[in-house]
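J.: Got a predicted structure plus its sequence, pasted below:
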Amino acid sequence: MNRSALHTRPGILQEIAGSKWSVMRTLAYYDIFHYPLTAGEIRQFMDKVVDDHEFLRDLEELTEQGTIFLHHGFYSLQDNPLLSHRRRQGNQYAEKLLVKAEKIGRFLGQFPFVRAVGISGSLSKNYADEKADIDFFIVTRADRLWIARSLMHLYKKLTFIFGKQHFYCMNYYVDEKALVLEDKNIFTAIEIKTLLPVSGEKNMQQFFQSNLWTDKLLPSCPSREQRQKDARNSWFKKMTEWLLNGSIGNLVEDWLFLLTQRRWKRKEEKG
């Protein structure tokens with residue numbers, strides 16, 4: 001039966017309080033993506049810290065009440081065992097794709113003025129399918145974001161020739177002077193906490209330290225650590241940064257910013 005328990009029992013939200021409510025909130029968020037969770041994951045993404053006994057009792061009581069459902073080790077608001085099958089398949093595909101994603105992320109870390117790269121999106125949450133993109137979060141040097149972004153997107157245009165553009169989705173950029181994200185909500189908090197660093201370990205740790213507000217929303221969820229050491233910067237990165245380090249670089253940065261703004265404006269006008 002593919003429907004949420006929240007709809008099968010009218011008024012159920014008023015009956016749930018405390019740590020049980022936190023369990024339900026966590027499952028409700030991931031239910032949007034049809035993604036069931038293990039007990040450990042529920043606890044990790046709850047907005048409360050609870051002891052083992054209370055947490056296990058909550059899961060047992062909510063399951064017995066038919067408020068949440070357990071299939072093959074995964075909890076969900078939906079009484080649908082196919083969701084657990086879908087998740088297991090997605091996890092298996094993600095394990096293979098992560099190897100490629102980490103390699104690409106280290107390559108992107110060699111672009112001029114890039115200071116850190118992290119894998120984001122569904123892949124960072126260990127889920128993917130055959131049509132999955134590889135999403136990246138990029139930290140750039142202060143006042144060189146538009147140069148870094150333009151060079152990376154110029155390279156991405158070349159990947160269209162080989163049909164590999166979905167492996168190079170650089171979706172989010174920040175520079176070293178703007179590490180604190182303005183949207184302080186549960187969605188942003190989960191994205192930060194699940195971000196998988198692959199290049200620029202020190203800079204990524206600085207980003208995490210700049211967004212400690214996430215600990216208030218997800219007190220049991222630690223930030224993730226980079227699994228491989230950083231490679232030395234390439235000669236191309238060193239040379240380009242040297243050439244564009246001063247006033248010439250400032251001019252190029254300003255020009256690329258204005259050029260990009262005009263392109264975005266034309267796209268908006270075209271609808």
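T.: Alright, I've got the coordinates. Numbering: from 1, shown residues only.
J.: how close does residue 30 sit to residue 23?
T.: 12 Å (CB to CB, to the nearest Å). From N, CA and C alone the C-beta is placed, and that goes for glycine too.
J.: neighbour-wise, which of those two wins?
T.: Per other CB atoms under 10 Å, whichever of residue 30 and residue 23 has more neighbours is residue 23, with 26 against 20.
J.: what secondary structure does that one sit in?
T.: Three-state call for residue 23 (DSSP: H, G, I helix; E, B strand; the rest coil): helix.
J.: What is the burial count for residue 245?
T.: Residue 245 has 13 nearby residues by other CB under 10 Å.
J.: three-state assignment of it?
T.: Per three-state DSSP, residue 245 ends up coil.
J.: Please report the distance of it from residue 238.
T.: 11 Å.
J.: Quick check: the most centrally placed residue in the chain vs residue 170, distance?
T.: Nearest to the mean C-alpha position of the chain, counting by CA atoms, centre = their mean, stands residue 120 at 3.2 Å. According to CB to CB, residue 120 and residue 170 sit 10 Å apart.
J.: Over to residue 260?
T.: 13 Å.
J.: Between these two, which contacts overlap?
T.: residue 149 (CB atoms under 8 Å, 6 or more residues apart in numbering).
J.: The two - which one has more neighbours?
T.: For residue 260 and residue 170, the more surrounded residue by other CB under 10 Å is residue 170, and the numbers stand at 21 against 14.
J.: tell me the phi and psi of the more buried one?
T.: phi -90, psi 90 (degrees, to the nearest 10).
J.: Spit out the contact partners of it.
T.: Per CB under 8 Å, 6+ apart, neighbours of residue 170: 108, 136, 138, 149, 152, 153, 156.
J.: List the buried residues of stretch 146-166.
T.: 146, 147, 148, 149, 150, 151, 152, 156 (16 or more other CB atoms under 10 Å).
J.: Dump it to PDB, restricted to CA.
T.: C-alpha atoms of stretch 146-166 as PDB (Å, rounded to 0.1, in the frame of the first residue of the first chain):
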ATOM      1  CA  TRP A 146      34.100  34.100 -11.600                       C
ATOM      2  CA  ILE A 147      37.400  33.200 -13.200                       C
ATOM      3  CA  ALA A 148      37.400  29.800 -11.600                       C
ATOM      4  CA  ARG A 149      33.700  29.200 -12.600                       C
ATOM      5  CA  SER A 150      34.200  30.400 -16.200                       C
ATOM      6  CA  LEU A 151      37.200  28.100 -16.700                       C
ATOM      7  CA  MET A 152      35.400  25.100 -15.200                       C
ATOM      8  CA  HIS A 153      32.300  25.700 -17.300                       C
ATOM      9  CA  LEU A 154      34.400  26.200 -20.400                       C
ATOM     10  CA  TYR A 155      35.800  22.700 -19.800                       C
ATOM     11  CA  LYS A 156      32.300  21.400 -19.200                       C
ATOM     12  CA  LYS A 157      31.300  22.600 -22.700                       C
ATOM     13  CA  LEU A 158      34.000  20.200 -24.100                       C
ATOM     14  CA  THR A 159      32.400  17.300 -22.200                       C
ATOM     15  CA  PHE A 160      29.200  17.700 -24.200                       C
ATOM     16  CA  ILE A 161      31.200  16.400 -27.200                       C
ATOM     17  CA  PHE A 162      31.600  13.000 -25.500                       C
ATOM     18  CA  GLY A 163      28.200  13.000 -23.700                       C
ATOM     19  CA  LYS A 164      29.800  13.200 -20.300                       C
ATOM     20  CA  GLN A 165      28.400  16.600 -19.200                       C
ATOM     21  CA  HIS A 166      26.300  15.000 -16.500                       C
END
